[in-house]
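Participant: Show me how the following folds:
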Amino acid sequence: MTYDTDVQTFDTSGGEVLLFSIDDVIYGIEIKYINEIISYENITVVPKVPQYIKGVINIRGQIVPIISVRRRFGKEDIPPDERTCVIVLEFDGSNQVGIIVDRVREVTMAKPENICATPTHKNVNANHYIKYIIEDEGGIKLLLNCEKLVLELDK
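Facilitator: All right, here's what the predicted structure looks like:
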């Protein structure tokens, strides 16, 4: 599955979002970052990297680091199953990073009236991984800040 990365930047005016779940929480990623979605495959472990980096895989000759969203959020990994997949994100037209998610759900259009700012209380979004909150008839979805999720190292 490949998506056009020349999509307008997501803001409070809305945009397309790929939804996925970790446990019972639904998260979203702006469609502009999505390069492809692939099935979970063997990952080559790399020594001395942060715990949330599972390792690397080879995608058509390009070595791509793989991040466990579960570990990034301080959760334990679970054994992969047939619905576990890797969402390959692309930054700056060439840098790719894969994130392991429990389940990909759907692509949806976030409407402006359903988009809320994150709470300002310091403990609710202390890591700044949440960019916006989307609330609609399907419940609350947390739109992730992809740059902070995959590009910023823990301090």
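Participant: May I ask which helix or strand of the chain has the lowest mean pLDDT?
Facilitator: strand 115-116 (a mean of 86; mean pLDDT, DSSP states H and E).
Participant: Could you check how far that strand is from the centre of its chain?
Facilitator: 18 Å (C-alpha atoms, centre = their mean, to the nearest Å).
Participant: Contacts for it, please.
Facilitator: 12, 14, 132, 133, 134, 135, 143 (C-beta atoms under 8 Å, 6 or more residues apart in numbering). (C-beta placed from N, C-alpha, C; glycine too.)
Participant: Which neighbours in the sheet does that strand have, and how are they oriented?
Facilitator: Paired strands of strand 115-116, with direction, are strand 130-136 (antiparallel) (DSSP bridges).
Participant: List the buried residues in the partner strand.
Facilitator: Neighbour counts over strand 130-136 (16 or more other C-beta atoms under 10 Å) mark 130, 131, 132, 133, 134 as buried.
Participant: Is residue 46 in contact with residue 64, as I believe?
Facilitator: No - the criterion here is C-beta atoms under 8 Å, and residue 46 misses it with residue 64 at 11.8 Å.
Participant: Name the nearest of the contacts of strand 115-116 relative to residue 151.
Facilitator: residue 143 (16.5 Å; C-beta to C-beta).
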